[in-house]
Every structure is written in C-alpha cells, then in structure tokens.
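In: Take this sequence and fold it.
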Amino acid sequence: MRLLEIDGNNKLSLTKDLASNIPAYAILSHTWGDDGQEFTFEDLAKGAGKLKPGYRKIRFCGDQAARDGLRYFWVDTCCIDKSDAAELQSAINSMFLWYKNAARCYVYLPDVLLSENDMLQNSPDLSAEIAFRASRWFTRGWTLQELVAPSSVEFFSTCYQRIGDKKSLERLIHEVTGIPVEVFQGYESARYSFEDKLSWVTKRRTKKEEDMVYSLLGIFGVFLPLNYGEGQDNALRRLRDEVERRFPSERPTWIVPFERNSRFTGRQVQLTEVEEKLLLGGSTRTAIVGFGGVGKTQLALELAYQVRDKYRNCSVIWIPATNTESLHQAYLDVARQLGIAGCEDIQVDVKRLVKDHLSKENAGQWLLVFDNADDINMWTGQTGSEPGSDRMIDYLPKSKHGCILFTSRDRKTAVKLVQQNIIELPEMGEDVALQLLQKCLINPSLVNDGSDTKTLLQKLTYLPLAIVQAAA
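Out: Predicted coordinates:
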C-alpha cells in the first residue's frame with residue numbers, strides 16, 4: 001500500500017510500498033470522471049496532470065487530512081499502478097481492508113451543492129437533500145464498500161463543505177440505499193445472508209460488468225483472482241462457490257416443529273410490532289401476552305416463518321415451555337441438532353451448553369421462541385430462591401445477535417422475563433374473525449347468512465381457537 005503526503009514545499013509524493021507498520025491515514029471515496037480527467041499514478045510519477053479536474057480532489061483530501069491531524073492519505077486514482085496486473089489484483093482484493101483501516105474516509109460529492117454554512121442534518125436546504133439523494137455516488141458499485149467498511153465516513157459537497165457523516169445521516173442513507181441502518185453502525189458480515197449483501201448492489205453500476213462482483217469481495221470477506229472477460233454471471237458463480245467454501249457453517253439452523261398455518265389471518269399490526277422490537281434493534285426479549293386461545297402461538301409461528309423468509313441468515317429455534325420436563329427435552333434436542341459436543345453426557349447440564357453456545361459471537365443471528373411460558377415458578381424459582389437454583393431464566397442466552405420471544409397467558413411471568421417489552425394480543429375483530437371462519441370451512445358459502453354468522457362469532461367471543469374448533 002502506497003500513501004500520499006504533502007511535504008513542506010507543498011509537493012505531492014508517494015511513500016514506498018508499505019507492507020507493515022502502516023501509519024494512520026485518511027482515504028478518499030469519490031466517483032471517477034471521464035477518461036483523461038483523473039490525476040493518475042503516471043501523472044504523479046512524471047510531475048504532470050496538475051491542471052486535470054481530478055487533481056483538486058487529491059489536494060482536498062490531503063488538506064482535510066492535515067486539518068484532522070493526519071500526515072498521510074490515499075486516493076485510488078494515483079496510489080495504484082494499474083498498468084501492473086498483479087498490483088491491481090492485489091489492490092482490489094485489499095480495498096475493503098484499506099477503507100476499513102482508514103482513520104477517516106472523505107466522500108466527495110461533486111453533484112451536491114450546499115448553501116453557505118449549511119449542514120444537511122441541521123435545517124437542511126430541501127434542494128441540497130434532493131441532490132444528496134440523487135448523487136451519482138450512491139449508484140456506483142465500488143462506493144458500496146467505501147460506505148460500509150470505514151468507521152468514520154464524512155460527506156463533502158462540490159465546494160468541499162462538510163455535509164454530515166455516516167452517523168448523522170444514517171437514516172437518510174438508509175432511505176437512499178435500502179441498506180439496514182445497523183450496517184452503518186458497525187458492519188458484521190455474519191449477520192447478513194448472501195442474498196442480503198447481493199441486494200445492496202443491485203441498483204448500482206460499474207464500467208466493467210465483472211466489477212459488479214469484484215467490488216463485493218470485501219463485503220463477503222473472500223479473495224478471488226480477477227478474470228476480466230469472464231462476465232458477471234461467471235464471476236458471481238465463483239463468488240458464491242468461494243463463500244460457501246470459506247463459510248460452510250453460516251447456514252442458519254431451523255428447529256420449528258410445526259408446519260406453517262395456511263389459515264393464519266390478520267394480526268399484521270402485532271407482527272410488525274414484534275419485528276420492530278426484536279429484529280430491528282428495539283430489544284432482545286419480547287413477550288406476546290393474551291388469554292388462552294387468542295392466537296399467541298400462531299402469531300409466534302407466523303413470525304418464525306416470516307423471519308426465515310426475510311432474514312435468511314437468521315437461525316430460528318422453537319422451545320415448548322409448558323413444564324420443566326418438556327423444556328429440558330427441547331434443550332437436549334436443540335443441542336443435538338446444533339451438534340454441541342458433550343450434550344449426551346448425563347453429567348452435563350445441557351441447558352447450560354445451549355446457553356453458552358448461542359451466547360458465542362460465532363453463533364450468528366438467531367431467534368429463540370419459548371411457547372407457553374406461563375409458570376412463573378419454573379422461570380424465576382420459588383419466592384426467595386437464589387440465582388443458580390435451576391431457575392430457567394438463568395439459562396437464557398445473551399448475544400447482541402440474538403433475540404428471544406415468549407408467549408404467555410400470565411402477564412406477571414412476562415414482566416419478569418421481558419420487563420416492559422410486552423405485546424398484548426387482543427381478541428380478533430369481527431371482520432378478521434369472519435375471514436378466519438371462511439378459511440376453516442370446507443364450504444365457505446355457509447357464512448353467507450350474515451346474522452347467524454355474526455351471532456356465532458359473538459358466542460365464540462372472536463377467539464381464533466374457538467373459531468377453528470367450531471368450523472371443524
């Protein structure tokens with residue numbers, strides 16, 4: 001890796017090719033101009049090219065780095081000898097790491113103009129926000145890793161005014177790119193599926209079709225030899241093969257003992273609420289609370305299948321929590337399916353094994369569902385019991401990648417388990433109850449008698465379980 005510096009005579013120069021002991025540096029993210037506009041490695045070597053439009057970006061990066069107390073900086077146009085195929089290949093495979101290790105990343109947006117002393121996150125000029133959203137920088141393939149990899153990313157306008165940074169603009173950037181906000185807060189590859197990562201680049205473009213794939217190497221954490229001319233499809237096939245070879249254990253676990261309920265009806269508000277609380281960063285534990293027969297288990301089951309469809313890298317594990325015996329057996333089954341060493345040893349606490357396994361960083365993303373968590377004594381022990389006295393609450397895994405959902409009839413138990421993160425599940429409304437009844441009947445036309453149907457549903461108090469049993 002070569003770095004740029006500006007000496008006391010205001011002269012731009014390159015360091016030697018550094019393999020170790022690399023000093024702190026800033027890095028520039030930008031979009032390339034037309035051929036002949038960028039200041040290149042050859043220009044720097046010859047002392048030429050200072051009148052090119054691209055030269056001003058180089059000087060901006062160096063000046064901004066100096067203001068931030070950094071002597072060295074890096075710009076792709078002039079720090080890589082692209083005439084050397086081996087150097088180019090090494091650089092492309094190292095690019096994500098170079099951006100990740102940078103002390104500062106400056107994004108230059110020549111198509112965004114701010115009014116004087118304006119910053120986009122504070123009293124923004126609407127025209128500036130529109131220009132920011134439409135910036136060409138968000139459409140290029142290579143800039144994806146330049147957004148994701150660095151911890152510090154700052155945006156600058158065409159006049160080199162600071163617009164804001166990745167943190168202050170994260171919601172706006174999410175709306176523009178569709179990339180989850182959590183990615184900007186600290187990218188962890190294991191949290192996202194192959195398809196998730198691939199979707200982040202679908203609306204972006206590169207000059208060479210293979211670069212649509214090569215620009216993702218760092219995002220996926222793999223290295224590939226470059227083969228320009230192979231085409232995007234072949235490059236993507238090689239990428240997928242390499243990811244599966246390098247990370248075979250990243251396939252999510254699915255331990256759910258029930259088929260999806262094809263007659264599941266309504267409850268979209270509650271499904272959205274659970275997803276927001278558990279999977280979008282709101283909390284790590286949530287409970288669905290309601291009367292028996294109101295549909296808690298079916299709601300949790302539908303959520304499990306939606307998680308499998310939407311969060312393809314997330315393991316889902318279902319544990320019946322009716323009593324201590326069923327719960328212990330479920331933990332043993334889970335340990336076996338996860339391949340946890342020592343789980344067959346009768347002297348070993350299998351619940352502790354599962355807890356420790358899921359609490360590890362490399363366990364990946366997971367959702368754990370405890371169904372029918374109604375017995376407060378089983379979870380928290382008898383009054384006055386101490387931690388470690390086989391209370392089930394002490395066997396709950398803890399991980400920033402994991403979340404736990406309980407279903408319970410008992411609000412007091414739910415409060416002990418999740419504190420205030422409770423979702424009350426009410427009885428169904430009349431319209432939704434009618435839809436459920438129609439789905440359950442062999443002859444749906446039987447509900448055409450509106451008054452009789454309404455009376456029946458009222459007698460069943462709109463409880464899903466009662467409706468299903470009545471239809472049978």
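
In: check contacts around Arg352.
Out: Tyr395 (Cβ atoms under 8 Å, 6 or more residues apart in numbering). Glycine gets a C-beta too; all of them are placed from N, C-alpha and C.

In: Could you grab the helix/strand/coil label for it?
Out: Following DSSP: H, G, I helix; E, B strand; the rest coil, the label given to Arg352 is helix.

In: Could you check the pLDDT of it?
Out: On the pLDDT scale, Arg352 is placed at 93.

In: what does Lys310 give?
Out: Here the pLDDT value assigned to Lys310 is 83.

In: Over to Leu441?
Out: The model's pLDDT for Leu441 equals 56.

In: those helices in the stretch 351-472 of the chain, which residues are they?
Out: Under the criterion DSSP state H, counting those that start in this stretch, the stretch 351-472 of the chain contains helices at 376-380, 411-418, 430-440, 450-459, 464-471.

In: element containing the closest residue to Arg71 other than its chain neighbours, please.
Out: Distance criterion Cβ to Cβ, 6 or more residues apart in numbering; nearest residue to Arg71, sequence neighbours excluded, is Glu5 at 5.8 Å. Here Glu5, judged by DSSP states H and E, is contained in strand 4-6.

In: Contacts made by the longest helix along the chain with the rest, please.
Out: Across the chain, the longest stretch assigned as helix under DSSP state H is helix 85-101. Outside helix 85-101, the residues that touch it by Cβ under 8 Å, 6+ apart are 1, 22, 27, 29, 74, 76, 80-82, 105, 142, 145-146, 149-151, 214, 217-219, 223-226.

In: rerun that using 6 Å as the cut-off
Out: 27, 80-82, 145-146, 149-150, 214, 218, 223, 226 (Cβ atoms under 6 Å, 6 or more residues apart in numbering).

In: Let me know the closest of those residues to Phe132.
Out: Glu146 (16.0 Å; Cβ to Cβ).

In: What distance do you get for that closest one to Gly381?
Out: Look at Glu146 and Gly381: by Cβ to Cβ, to the nearest Å, they are 52 Å apart.

In: Could you check the pLDDT of Lys100?
Out: 97.

In: Quickly note the distance from it to Cys79.
Out: Distance from Lys100 to Cys79, by Cβ to Cβ: 16 Å.

In: one step back: how many residues are close by the residue nearest to Arg71?
Out: 18 (other Cβ atoms under 10 Å).

In: Secondary structure of Arg171: a helix, I assume?
Out: Yes: per three-state DSSP, Arg171 lies within a helix segment.

In: And the strands in the stretch 151-300 of the chain?
Out: Here the stretch 151-300 of the chain has its strands, by DSSP state E, counting those that start in this stretch, at 153-156, 162-165, 254-255, 285-289.

In: a markdown table for the ones you listed, including mean neighbour count and mean pLDDT?
Out: Putting the strands of the stretch 151-300 of the chain into a markdown table (neighbours: other Cβ atoms under 10 Å; pLDDT from 0 to 100) gives the following:
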| stretch | mean neighbour count | mean pLDDT |
| --- | --- | --- |
| strand 153-156 | 23 | 97 |
| strand 162-165 | 19 | 94 |
| strand 254-255 | 16 | 92 |
| strand 285-289 | 24 | 91 |
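
In: Can you tell me which of the ones you listed is nearest to Ala128?
Out: strand 162-165 (7.7 Å).

In: Neighbouring strands - and their directions - for the closest one?
Out: strand 153-156 (antiparallel) (DSSP bridges).

In: outside of stretch 29-48, which residues touch it?
Out: 49, 52-55, 57-58, 77-78, 81, 105, 107-108, 136-137, 140, 143, 146.

In: can you tell me the distance between the two ends of that stretch?
Out: In stretch 29-48, first residue to last residue: 22 Å (Cα to Cα, to the nearest Å).

In: Same check on stretch 67-84?
Out: End to end - Cα to Cα - stretch 67-84 spans 33 Å.

In: what's in contact with that stretch?
Out: So stretch 67-84 is contacted by 2-5, 23-28, 38-41, 44, 54, 58, 61-62, 65, 87-88, 91, 103-104 (Cβ under 6 Å, 6+ apart).

In: Then stretch 179-186?
Out: For stretch 179-186, using Cβ under 6 Å, 6+ apart, the contacting residues are 148, 166, 170, 174, 200.

In: Tell me how far the fourth one lies from Ala304.
Out: His174 sits 26 Å away from Ala304, taking Cβ to Cβ as the criterion.

In: In its sheet, which strands sit next to the strand holding Glu5, and in what direction?
Out: strand 12-14 (antiparallel), strand 72-74 (antiparallel).

In: In TSV, list the ones you listed along with distance to Ala414, mean neighbour count and mean pLDDT.
Out: Output for these, formatted as TSV (distance: least, Cβ to Cβ, whole Å; neighbours: other Cβ atoms under 10 Å; pLDDT from 0 to 100):
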stretch	distance to Ala414	mean neighbour count	mean pLDDT
strand 12-14	63	15	94
strand 72-74	53	24	98
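
In: Quick one: those as a markdown table, columns for distance to Ser189 too.
Out: Listed next are those as a markdown table, based on distance: least, Cβ to Cβ, whole Å:
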| stretch | distance to Ser189 |
| --- | --- |
| strand 12-14 | 32 |
| strand 72-74 | 23 |
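
In: What ranges does the stretch 201-350 of the chain have for its helices?
Out: 211-214, 217-220, 232-246, 268-278, 296-310, 324-338, 350-359.

In: circling back: which of the contacts of helix 85-101 sits closest to Trp254?
Out: Of the contacts of helix 85-101, the one sitting nearest to Trp254 (Cβ to Cβ) turns out to be Gly218, at 29.2 Å.
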